[in-house]
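K.L.:
coords below, sequence missing:
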């Protein structure tokens, strides 16, 4: 049996950021992965999944969380780099928004945005649009390097990550979770548990006999190309497609249209390949390197959740990041740490359960 004060379930950017914020607040915790170490990740190693944050298409709450997170990241990234010696690969990628996403922007949301001609900003794009919006401040960090750096920083603060195990279920007694069950049957006893594993939260709650979260996680098609050199200088967001240039010269295309608009996966792939080639003709000369389905970055019909699981007094939920944890995870983690130390709650982030019917 393992004993801990707090247990964070999830060893991705969200879970590790949560543990880091707790440690910064003087709280002791243990991090337990939600997946086996040898399981193939949903997103290929080294692929950046940055989802553009277009403020006027998001709720006020999400914008507030993003603004707070950006302020925190300025401090976190400098300190992590200094403490661990890891180059986080921080770069200002810039964000070009075109189509209805740009045309629908109200004037009060345009601070920091510049009106541009898309084809001049990105000459390789095939653009019928004559109007676009560009934000030079949009930045990226290397996810794999960030995770490595956070792990080193946690280790220096005596926060352990149980890499040799992963969580399989929570045991519930009355209104309390007394322990977490690991693979192999070993138990972790703690005062409180924090689920910060995003997509894996659903499976863990199901295995624990608990209702799932009211948290839609739509699947999106992801296409990875390897042209050998960068075809785009910036992240490009249109109405149904996001193009994300990778640090190594590859290019990721994410379908952001309605999830149910295709009859089959083969049909989806054919349509998307045509769509990408029409938007970036230079890609038509290169073969598709990889195609996979993964949760769509950015919220779609949902909202972030941070708080106690209903009717349980020591199970916390930190979810609703939608594989966009870099955007809001620092703010969510800091809010949780403040609340655990007696700070005010956050009713706007209250945890909701899915209707079992």
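P.N.:
Happy to help now that I have it. Predicted, not measured: the structure shown is a model, and the values here were computed from it.
K.L.:
which one is residue 2 nearest to, not counting chain neighbours?
P.N.:
residue 188 (4.5 Å; Cβ to Cβ, 6 or more residues apart in numbering). The C-beta positions use only the backbone N, C-alpha and C, and glycine is treated the same way.
K.L.:
does the one you found touch residue 171 like I think?
P.N.:
No. Using Cβ atoms under 8 Å, residue 188 is not in contact with residue 171; the gap is 10.2 Å.
K.L.:
give the residues shared as contacts by those two.
P.N.:
Taking Cβ atoms under 8 Å, 6 or more residues apart in numbering as the contact rule, the neighbours common to residue 188 and residue 171 are 179-181.
K.L.:
give me every residue that touches the closest residue to residue 165 other than its chain neighbours.
P.N.:
Leaving aside its sequence neighbours, residue 165 sits nearest to residue 182 (Cβ to Cβ, 6+ apart; 4.4 Å). Residues near residue 182 by Cβ under 8 Å, 6+ apart: 32, 162, 165-168, 188.
K.L.:
residue 182 bridge partners, please.
P.N.:
Beta-bridge partners for residue 182, by DSSP bridges, are residue 167.
K.L.:
okay, it: pLDDT?
P.N.:
Residue 182 is assigned a pLDDT of 96 by the prediction.
K.L.:
neighbours of the closest residue to residue 184 other than its chain neighbours, how many?
P.N.:
Closest residue to residue 184 in three dimensions, ignoring its sequence neighbours and counting by Cβ to Cβ, 6+ apart: residue 165, at 7.2 Å. By the criterion of other Cβ atoms under 10 Å, residue 165 has 18 neighbours.
K.L.:
wait, a helix at residue 165?
P.N.:
No. With DSSP: H, G, I helix; E, B strand; the rest coil as the criterion, residue 165 is coil rather than part of a helix.
K.L.:
I figured it hits residue 183, correct?
P.N.:
Yes. The criterion here is Cβ under 8 Å, and residue 165 meets it with residue 183 at 5.9 Å.
K.L.:
residue 92 versus the residue nearest to residue 184, what's the distance?
P.N.:
Relative to residue 92, residue 165 is positioned 39 Å away (Cβ to Cβ, to the nearest Å).
K.L.:
cool, and residue 182?
P.N.:
Distance from residue 182 to residue 92, by Cβ to Cβ: 41 Å.
K.L.:
low-confidence ranges in the chain?
P.N.:
Applying pLDDT under 70 to the chain picks out residues 38-43, 49-53, 109, 259-260, 298-301, 323-325, 356-357.
K.L.:
tell me the domain ranges of it?
P.N.:
2-46+145-215+301-349, 95-137+219-295 (automatic domain parsing).
K.L.:
any idea which of those is most buried?
P.N.:
Comparing the domains of the chain by mean neighbour count (mean count of other Cβ atoms under 10 Å), domain 2-46+145-215+301-349 ranks first with a mean of 19.
K.L.:
span of that one from start to end?
P.N.:
31 Å (Cα to Cα, to the nearest Å).
K.L.:
setting aside sequence neighbours, what's the nearest residue to residue 93?
P.N.:
residue 140 (4.8 Å).
K.L.:
list the contacts for the one you found?
P.N.:
Contacts here follow Cβ under 8 Å, 6+ apart; on that basis residue 140 touches 48, 50, 89-91, 93, 235.
K.L.:
again, only this time at 10 Å
P.N.:
48-50, 88-95, 235, 244-247, 326 (Cβ atoms under 10 Å, 6 or more residues apart in numbering).
K.L.:
for it, give its distance to residue 56.
P.N.:
Taking Cβ to Cβ, one finds residue 140 at 21 Å from residue 56.
K.L.:
before we move on, what about residue 5?
P.N.:
From residue 5 to residue 56 the distance is 42 Å (Cβ to Cβ).
K.L.:
ok, residue 155 touching residue 84?
P.N.:
Yes. Residue 155 lies in contact with residue 84 (Cβ atoms under 10 Å); the separation is 9.3 Å.
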